[in-house]
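> Give the three-dimensional model of this entry:
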Amino acid sequence: MSQDPGRTRFAVDIGGTFVDAISYDDATGELRLHKASTTPDAPARGVLDAVGGLAGRLDDVEAFVHGTTLGLNAILQRRGADVGIITNEGFRDLLEIARANVPAQYMYDFSYAPPPPLVPRRHRTGVPGRIDAQGTVIEPLDEDAVREAGRLLVEEHGLRSLAVCFLHSYANPEHERLAARILRETYPEVSVSTSTDITREYREYERTSTVTLDAYIRPVLNDYIATLESRLNDAGLTHPLHIMRSGGGAMTSELARQAPLMTVLSGPAGGVVGASFLAREQNLAKVITFDVGGTSLDCCVIEDGEPGEVHEAGIDGFPLLIPIFDIRTVGAGGGSIAWIDEGLLKVGPHSAGAVPGPVA
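Residues are numbered from 1 along each chain as shown. You can find the predicted model right below:
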């Protein structure tokens with residue numbers, strides 16, 4: 001980055017309760033911080049409030065990096081979009097069957113109940129067509145059945161986000177791409193996610209879960225990023241908006257809108273990157289990060305200055321097949337709401353957020 005006088009860099013993190021903004025002046029080395037409340041009804045407004053506490057205009061900003069937990073909070077609080085799933089005929093219950101086992105940590109918990117699927121059965125449909133494990137088409141995709149599935153989910157059930165996942169599409173994505181093209185041409189206003197655009201790995205349940213989560217948060221992130229980018233441009237920002245990735249680094253806002261799931265741990269990832277830098281600077285071999293927000297609590301192990309990374313993770317019981325920091329998240333933070341369930345005290349995952357705001 002250039003070192004021209006007056007050039008500044010901005011970083012902003014938005015959570016369920018607060019927005020934190022920081023600016024760095026290249027010429028003077030000055031760091032400035034400002035905090036504002038999140039505005040759940042219009043999240044971009046909270047970001048502009050935080051940024052406005054540091055600068056009235058953004059004409060001299062040469063870099064703007066944004067971390068957000070909006071996608072994560074939507075999953076934890078079950079406040080994402082209503083999603084429809086199109087899969088192979090006979091496999092509409094794959095998401096609910098899952099692995100048909102009890103996770104090891106709950107093996108002796110007789111009260112354990114798996115998290116309910118994000119997509120109810122009436123919003124899951126199967127269509128004829130089959131590809132085998134070698135990628136060979138053994139039954140052509142029924143294009144009319146895809147159109148009928150789209151009509152059922154969009155016109156009858158009023159859904160605006162669809163997930164497409166077919167058996168063995170990791171070996172040959174032809175059917176998924178054809179189905180997505182049909183759906184996008186027929187319903188251009190509907191968001192369509194395909195599993196092979198996110199991951200090309202085997203295991204149908206994990207891939208279905210991954211694409212479902214992408215479809216679940218895609219409308220939330222798309223609307224937010226589009227609004228924020230427009231408002232920042234109005235405030236004078238001429239450089240591209242970058243979004244923090246769940247595995248570190250950043251990507252353009254355009255790419256984030258195409259692959260919103262890559263930002264699902266964007267907020268916590270920023271803390272992990274910062275903690276890794278401190279661990280290296282202070283020669284700390286083993287570090288555990290402990291990041292408590294208003295909605296969630298996130299932990300990560302750092303060894304020899306490098307955070308743990310995985311290619312399969314989980315959020316609140318739902319598996320993800322994406323490269324990501326090994327961050328463990330639970331839906332309990334400073335603003336989590338306590339409630340009674342059949343006589344038992346529960347905490348979270350719903351949070352008081354910024355409205356009316358946490359009292360703890």
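> in this protein, which ranges drop under the pLDDT threshold?
By pLDDT under 70, the low-scoring segments of the chain are 1-6, 359-360.
> Which residue ranges of it form helices?
43-52, 70-76, 94-97, 143-150, 174-186, 204-234, 253-258, 266-281 (DSSP state H).
> Pick out the residue nearest the middle of this protein.
Nearest to the mean C-alpha position of the chain, counting by Cα atoms, centre = their mean, stands Val264 at 2.5 Å.
> Next, the contact list for it, please.
For Val264, the contacting residues are 71-72, 75, 213, 217, 246, 315, 320, by Cβ atoms under 8 Å, 6 or more residues apart in numbering. C-beta here means a position set from N, CA and C on the backbone, and glycine is covered the same way.
> re the thing from before, can you list the helices of the chain in TSV and add distance to Ser111?
Shown next, in TSV, are those (distance: least, Cβ to Cβ, whole Å):
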stretch	distance to Ser111
helix 43-52	36
helix 70-76	21
helix 94-97	20
helix 143-150	37
helix 174-186	39
helix 204-234	23
helix 253-258	39
helix 266-281	29
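> Comparing the ones you listed, which comes out most buried?
Comparing the helices of the chain by mean neighbour count (mean count of other Cβ atoms under 10 Å), helix 70-76 ranks first with a mean of 26.
> For stretch 332-342, give me every contacting residue.
The contact list for stretch 332-342 (Cβ under 8 Å, 6+ apart) reads 16-17, 292-297, 345-353, 357-358, 360.
> Show me which residues of it are buried.
By neighbour count on 16 or more other Cβ atoms under 10 Å, the buried set for stretch 332-342 is 332-336.
> Mark which of the contacts of stretch 332-342 are buried, thanks.
Buried by 16+ other Cβ under 10 Å: 16-17, 293-297, 348-353, 358, out of those.
> So what's the residue count around the nearest residue to Tyr112 once chain neighbours are set aside?
In space, and not counting its chain neighbours, Tyr112 is closest to Tyr106: 4.0 Å by Cβ to Cβ, 6 or more residues apart in numbering. Neighbour count of Tyr106, defined by other Cβ atoms under 10 Å: 13.
> Check the gap between Tyr106 and Leu344 for me.
Computed with Cβ to Cβ, to the nearest Å, the distance linking Tyr106 and Leu344 is 16 Å.
> Same check on Val192?
Going from Val192 to Leu344 by Cβ to Cβ gives 40 Å.
> ok, now Arg78?
Counting by Cβ to Cβ, the gap from Arg78 to Leu344 is 19 Å.
> Just want to know which of these two has more residues nearby.
Arg78 (14 against 8).
> Is the more buried one in contact with Leu118, as I believe?
Yes. The criterion here is Cβ atoms under 8 Å, and Arg78 meets it with Leu118 at 7.5 Å.
> which residues touch Leu213?
75, 118, 261, 264, 315, 318, 320.
> Who does the closest residue to the first one other than its chain neighbours form a beta bridge with?
In this case it means Ile75. Leaving aside its sequence neighbours, Ile75 sits nearest to Ile315 (Cβ to Cβ, 6+ apart; 5.6 Å). Beta-bridge pairing for Ile315 (DSSP bridges): Phe318.
> I figured Ile315 hits Leu72, correct?
Yes. With contact defined as Cβ under 8 Å, Ile315 reaches Leu72; the gap is 7.0 Å.
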